[in-house]
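Engineer: need a structure here:
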Amino acid sequence: MPISDHQASKTLRKLSVELIDASIKSMFNHDEKRQSKFQSEAAGILVDYSKNRINDDVTKSLMELARQSNLSDAIEAMFSGEILNNTEKRPALHTALRSNGSQPILVDGQDVVPEIKDTLNRMQAFCEKVQTGEFSGHTGKPLRTIINIGIGGSFLGPKLVSDALKPYWQEGYDLRYLANVDGTDFIETCKHLDPETTLFVICSKSFNTLETLKNAQAARTWFLQSGATEDKIQHHFVAVSTNIAAATEFGVSAENMFPMWDWVGGRYSLWSAIGLPQALVLGFDTFKSLLSGANEMDQHFRTTEFEHNLPVILAMLGVWYHNFMDADSHAVLVYDEYLKELPNHLQQVDMESNGKQVTRDGKKINYQTGPIIWGGTGTNGQHAYHQLIHQGTKLIPCDFIMPLQSHNPVSDHHDWLFANYLGQQQAMLEGKDEASIIKELVSKGMDQSDAESFAPHKVIPGNKPCNSIIFNKGTPEVVGALIAMYEHKIFVQGVIWDVNSFDQWGVELGKVLGNAVFDAINSGETEKFDGSSADLIRRFRDAK
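Structural biologist: Numbers count the residues shown, from 1 in each chain. I've put the predicted structure just below:
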């Protein structure tokens, strides 16, 4: 059913008219319990959503909309392995990868838990062999530089994990990423590396993803040019793939191949063997703690009533702004240098999941679906795009994310970081009106008429919505829970919008057309292209 047809949507539409200009600050003044009322906590994460343009009627109607959309059934369907990806006829069982394995999880009638456990055991054994030197380079030197070759979900999520958990890296290890097909990425990544101590992990389900395969082939050539022979490739290359034949032909030994499954989408695959490079650097116990934190959020999401359910709360707030308040983007602002990759990861998980224009049964949608996701780190953004948030014409809901404790206490830096974290939220809430600005300018000696002329440029409207998301420290468990929380938020919104959050057909066409362009670069035949494209191809050929 289209979102607009639900009775709760009609109520929310009326409430949005009433609250479009309602003062959040006044709501605090009239309700001393507001802060505690609009706050919830789970898996070490606290979400304070009191600084939103909402009241009791709004939250009640949002949760009613979730119920009218049969969200409870959808949640259970996902955890039970039902086919949610209806266009590819697959389950979406990334949650199974981090479950405790106590209950069977069926895919096509087969319990996948034993296979998951076996893969985790193999990953752990391999990590231990690398750590102890039992699995070493072809000259016997320990492998301490790990290169993650992968793109999309084999890059963004894994890089978020390794960056977020940098304090937990094992001493002496380095982890680098090869994703882009740009040769510069390869050259800069492999610059100054010792081939004898470098291990490449090729992460590609099909083993034919263009960017990944090209980078893997370049790495293979680089390794062989160092003087190694082809039989030594197996000491420096492992693979996470389902294409055993292609990986074997490349030179990877069968015992160093790790599986991927169709029932795990790429953007949800960091919990699988795709996480092998991160597990190698972090140590397997830390990787297991990451899974444990995600599982704790999974259980919270699956069992907690909507009114206290973090992913549901965040999702329905997003629906409120994007479907009833005409917002079209959402900013993720992280006040933690280790979490700087979170906005990038969420761009893929959110926009690739819910950037859809038809419902699950193929009908054209006439309402907003996935928002534009953007953001960045801490005070850096305050000197850049926060200007748009404070004084621009867009309504931009924001998530402010910060640990209360730093892994790296330096002087009073963390105090100032938190002061900025909260100060920006205060500015969004309170703003500054023209009369106050004029009074302030005059008190500092400015002429009244000049102050009146200048004041409009300094007005900050305030009344901008945001969520405060905090946790004590960025531990592996908390990082796992944080990523899982956003995964589930995105899933909930997909249910409300009635879209398939687990396919991504929009990424395919450009790849296909890119092959045609590549052929034209080599042949010079541009007749089938539009005039602009044909001219650009000719210019590229001339520049070679």
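Engineer: ok now stretch 163-179, how far from the chain's centre?
Structural biologist: Relative to the centre of its chain, stretch 163-179 is centred 18 Å away, using C-alpha atoms, centre = their mean, to the nearest Å.
Engineer: kindly report the same for stretch 458-469.
Structural biologist: How far stretch 458-469 lies from its chain's middle: 24 Å, per C-alpha atoms, centre = their mean.
Engineer: for it, buried residues please.
Structural biologist: Val459, Ile460, Gly462, Asn463, Lys464, Pro465, Cys466, Asn467, Ser468, Ile469 (16 or more other C-beta atoms under 10 Å). The C-beta positions use only the backbone N, C-alpha and C, and glycine is treated the same way.
Engineer: which residue, other than its chain neighbours, is closest to the fifth one?
Structural biologist: Residue nearest to Lys464 in three dimensions, not counting chain neighbours: Met428, with 3.9 Å by C-beta to C-beta, 6 or more residues apart in numbering.
Engineer: hang on, the earlier thing: in a markdown table, list the buried residues of stretch 458-469 along with secondary structure.
Structural biologist: Formatted as a markdown table, the buried residues of stretch 458-469 follow (DSSP: H, G, I helix; E, B strand; the rest coil):
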| residue | secondary structure |
| --- | --- |
| Val459 | coil |
| Ile460 | strand |
| Gly462 | coil |
| Asn463 | coil |
| Lys464 | coil |
| Pro465 | coil |
| Cys466 | strand |
| Asn467 | strand |
| Ser468 | strand |
| Ile469 | strand |
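Engineer: quick check: the gap between Arg541 and Asp519.
Structural biologist: Going from Arg541 to Asp519 by C-beta to C-beta, to the nearest Å gives 12 Å.
Engineer: these two: who's more crowded?
Structural biologist: Arg541 (14 against 10; other C-beta atoms under 10 Å).
Engineer: which parts of the stretch 1-150 of the chain are helices?
Structural biologist: Ranges of helices in the stretch 1-150 of the chain, per DSSP state H, counting those that start in this stretch, are 7-19, 24-30, 34-37, 56-68, 71-80, 113-132.
Engineer: for stretch 120-129, what is the distance to the chain centroid?
Structural biologist: On C-alpha atoms, centre = their mean, the centre of stretch 120-129 falls 26 Å from that of its chain.
Engineer: equivalent analysis for stretch 15-27, please.
Structural biologist: 31 Å.
Engineer: now for the helix or strand encompassing Ala279, which elements pack on it?
Structural biologist: Under the criterion of DSSP states H and E, Ala279 resides in helix 276-282. Contacting helix 276-282 under the criterion 3 or more C-beta pairs under 8 Å, 6 or more residues apart in numbering; DSSP states H and E are the following elements: helix 113-132, strand 145-149, helix 156-164, strand 174-178, strand 198-203, helix 284-303.
Engineer: could you check the angle helix 156-164 makes with the second one?
Structural biologist: By that I understand strand 145-149. 150 degrees (axes from the mean of the first three to the mean of the last three C-alpha atoms, to 10 degrees).
Engineer: who does strand 145-149 pair up with?
Structural biologist: Using DSSP bridges, strand 145-149 pairs in its sheet with strand 174-178 (parallel), strand 198-203 (parallel).
Engineer: Thr212: helix or strand, and which one exactly?
Structural biologist: helix 210-225.
Engineer: and the gap between Met316 and Lys464?
Structural biologist: 19 Å.
Engineer: rewinding a little: for the helices and strands packed on helix 276-282, which one sits closest to Ile373?
Structural biologist: Of all the helices and strands packed on helix 276-282, it is helix 156-164 that lies closest to Ile373, at 12.0 Å by C-beta to C-beta.
Engineer: which helix of the protein spans the most residues?
Structural biologist: Longest helix in the chain, counting residues (DSSP state H): helix 476-497.
Engineer: now for that helix, which elements pack on it?
Structural biologist: Helix 476-497 sits against strand 45-48, helix 56-68, helix 71-80, helix 156-164, helix 284-303, helix 310-319, helix 342-354, strand 466-471, with contacts defined as 3+ C-beta pairs under 8 Å, 6+ apart.
Engineer: so how many other residues sit close to the nearest residue to Lys356 once chain neighbours are set aside?
Structural biologist: Leaving aside its sequence neighbours, Lys356 sits nearest to Val499 (C-beta to C-beta, 6+ apart; 4.1 Å). For Val499, the count of nearby residues is 21 (other C-beta under 10 Å).
Engineer: what of Pro2?
Structural biologist: Residues lying near Pro2 (other C-beta under 10 Å) number 13.
Engineer: ok, Ile202 next?
Structural biologist: By other C-beta under 10 Å, 28 other residues sit near Ile202.
Engineer: so what's it bridging to?
Structural biologist: Ile202 forms beta bridges with Ile149, Ala239, as assigned by DSSP bridges.
Engineer: hmm, Ala218 and it touching each other?
Structural biologist: No. The pair Ile202 / Ala218 is not scored as a contact, 11.7 Å apart, by C-beta atoms under 8 Å.
Engineer: now do the contacts for Lys432.
Structural biologist: Lys432 makes contact with Lys458, Val459, Ile460, Gly462 under the criterion C-beta atoms under 8 Å, 6 or more residues apart in numbering.
Engineer: so Asp399, which state does it fall into?
Structural biologist: strand.
Engineer: quick one: neighbours of it, just the number.
Structural biologist: The tally of other residues near Asp399 (other C-beta under 10 Å) stands at 25.
Engineer: repeat for Ala427
Structural biologist: Neighbours around Ala427, by other C-beta under 10 Å: 17.
Engineer: distance of it from Asn344?
Structural biologist: As judged by C-beta to C-beta, Ala427 and Asn344 stand 26 Å apart.
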